[in-house]
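Peer 1: prediction below, plus the sequence it came from.
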Amino acid sequence: MTAELRSMTEFDVTAVRRQFPILEREVNGKPLVYLDSAASAQKPEAVIEAVADVWRHSYANVHRGLHTLANEATEAFEASRGKLAKFLGAASADQIVFTKGATEAINLVADSFGATLQEGDEIIVSQMEHHSNIVPWHFLRERKGVVLKWAPVTDEGALDMEAFDALVTERTKLVAITHMSNVLGTISPIEAIVEKAHAVGAAVLVDGSQGAVHMPVDMAELGCDFYVVTGHKLYGPNGAGALYAAGDWLDRLRPYQGGGEMIAEVREDGVVYADVPHKFEAGTPVIAEVIGLGAAIDWLSGLDRIALMEHERQLMDRFEAGLADFEGAHILGRTQDKGAITSFGLAGAHPHDLAQLMDKYGVAVRAGHHCAHPLMQRFGVVGTLRASFAAYNTQADVDAALDALRKAKSFLI
Ligand SMILES: *Cc1c(COP(=O)(O)O)cnc(C)c1O
């Protein structure tokens, strides 16, 4: 699509907003301005209805059921798997494992893939990872003597690819990297990373918690071994997320948790596991939430994703242009083509104080370390404020946020 054509694509934000009942409420007597979708997105009517519909009309435990409700619930549950597979461009629905979120999906890989690692094997992570893509690898360091190597980010907030290249060795077994930073908005060059990792026989896990929300993704194109998503950031329910595993990874790895649902046969002297992906889904899953996630995927897929990216980009640009008028403002993460997240600070004001004051004007932004201590250490800050932009945000939201920031600042500085 050419630039002119793209700018002509009208993204109908009014129609989108109408589908989010929560946006009608007020906060502290002011219309809600929700700029915290990177922490968790609000839910459209279609998702709320899908979840309520399961509970009202077709709720039962899934799999092995011999009655109508169980069959209906199972069918809807498995349909969500198909929707996720299509959304991610997976070759088969059997490559999708439902988890309770990105965190559990990464812990699954750390446990099951981690079991194949030995002392001295190396895992590369970047300085801009979320704690959920760090701590599980620290477990392997503590428990198995695996070595963690840190790919640095530049002052602009880009992944330093030259430094990354130098970290890749014959001992590298895994690269665990975010698709899009939840702090900087930076988008990692996944295809180049995959090429380098695969050249030494290392696998690549991509944390798609933000990436899959803000851009169309295609596993065939990315070529990674593992990709994780978390439903509540995809406008779906919390409690449901997914792991995608390429090729026959799921067949080759040992199961994560043991229990019902993940077995074909249990005897006194052993276990035969269920086929994939069920081998990785021990116990009763979150049923309505997984079905709700399917509805969220349908909803998101129904939008023009390119127009949506452009919409979010315009909001971020407007916000960052507004910030430029503030004395002492600095933005963390200044790469071209970053996703719609702005992390920033104002000299002389603590991010927490600013966020709390902005809330008085109905504006929800996040402040703190954003589950990214190593990144905060890299930039020498205790925390930042973060405004994240979503499908339902408007230019009026951006202007209200800047206005609230101006007022908050006047109390503090
Ligand atoms: C939110 C987030 C996670 C963790 O997701 P959970 O839903 O808490 O499991 C991991 N990585 C990134 C980049 C995130 O934004």
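Peer 2: Thanks, I have the structure now. Worth saying up front: this structure is predicted, and the values here are computed from it rather than measured.
Peer 1: quick one: list the elements packing against the helix or strand hosting Val206.
Peer 2: Assignment of secondary structure by DSSP states H and E places Val206 within strand 203-207. Helices and strands touching strand 203-207, by 3 or more CB pairs under 8 Å, 6 or more residues apart in numbering; DSSP states H and E, are helix 102-112, strand 172-178, helix 190-199, strand 226-230. Quick note: C-beta positions are derived from backbone N, CA and C, even for glycine.
Peer 1: next one: the longest one to chain centre, how far?
Peer 2: This points to helix 102-112. 14 Å (CA atoms, centre = their mean, to the nearest Å).
Peer 1: just the C-alpha atoms of it, please, in CSV.
Peer 2: What follows is helix 102-112 as a C-alpha-only set of coordinates in CSV (Å, rounded to 0.1, in the frame of the first residue of the first chain):
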residue,chain,number,x,y,z
ALA,A,102,2.7,-15.1,28.2
THR,A,103,4.3,-15.7,31.5
GLU,A,104,3.1,-19.3,31.7
ALA,A,105,4.0,-19.9,28.1
ILE,A,106,7.6,-18.8,28.6
ASN,A,107,7.8,-20.8,31.8
LEU,A,108,6.6,-23.8,29.8
VAL,A,109,9.4,-23.4,27.3
ALA,A,110,12.0,-22.7,30.1
ASP,A,111,11.0,-25.9,31.7
SER,A,112,10.5,-28.2,28.7
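Peer 1: now it: mean pLDDT?
Peer 2: This predicted structure assigns helix 102-112 an average pLDDT of 98.
Peer 1: close to the ligand, is the helix or strand following that helix?
Peer 2: Sequence-wise, the next helix or strand downstream of helix 102-112 (DSSP H and E) is strand 122-126. No: figure legend: strand 122-126 not in contact with the ligand (CB under 6 Å from any ligand atom); closest approach 11.0 Å.
Peer 1: how about the strands of the stretch 151-300 of the chain, start to end?
Peer 2: With strands called from DSSP state E, counting those that start in this stretch, the stretch 151-300 of the chain shows them at 172-178, 203-207, 226-230, 241-245, 263-267, 270-273.
Peer 1: nearest to Ala90 among the ones you listed would be which one?
Peer 2: For Ala90, the closest of the strands of the stretch 151-300 of the chain is strand 241-245, at 5.4 Å, according to CB to CB.
Peer 1: helices or strands up against the closest one?
Peer 2: Under the contact criterion of 3+ CB pairs under 8 Å, 6+ apart, strand 241-245 touches helix 68-88, strand 96-99, helix 102-112, strand 226-230.
Peer 1: one more time with 10 Å, if that's ok
Peer 2: The elements that strand 241-245 packs onto, with contact taken as 3 or more CB pairs under 10 Å, 6 or more residues apart in numbering; DSSP states H and E, are helix 68-88, strand 96-99, helix 102-112, strand 203-207, helix 219-222, strand 226-230, helix 249-252, helix 287-301.
Peer 1: that one versus helix 102-112: what angle between them?
Peer 2: For strand 241-245 against helix 102-112, the angle between stretch directions is 40 degrees (axes from the mean of the first three to the mean of the last three CA atoms, to 10 degrees).
Peer 1: which part of the stretch 251-400 of the chain gets nearest to the ligand, residue-wise?
Peer 2: Scanning the stretch 251-400 of the chain for the residue nearest the ligand gives Cys371, at 6.9 Å (criterion: CB to the nearest ligand atom).
Peer 1: tell me how many other residues crowd that residue.
Peer 2: With neighbours defined by other CB atoms under 10 Å, the count for Cys371 comes to 17.
Peer 1: isn't it up against Met128?
Peer 2: No: between Cys371 and Met128 there is no contact, the gap being 11.3 Å when judged by CB atoms under 10 Å.
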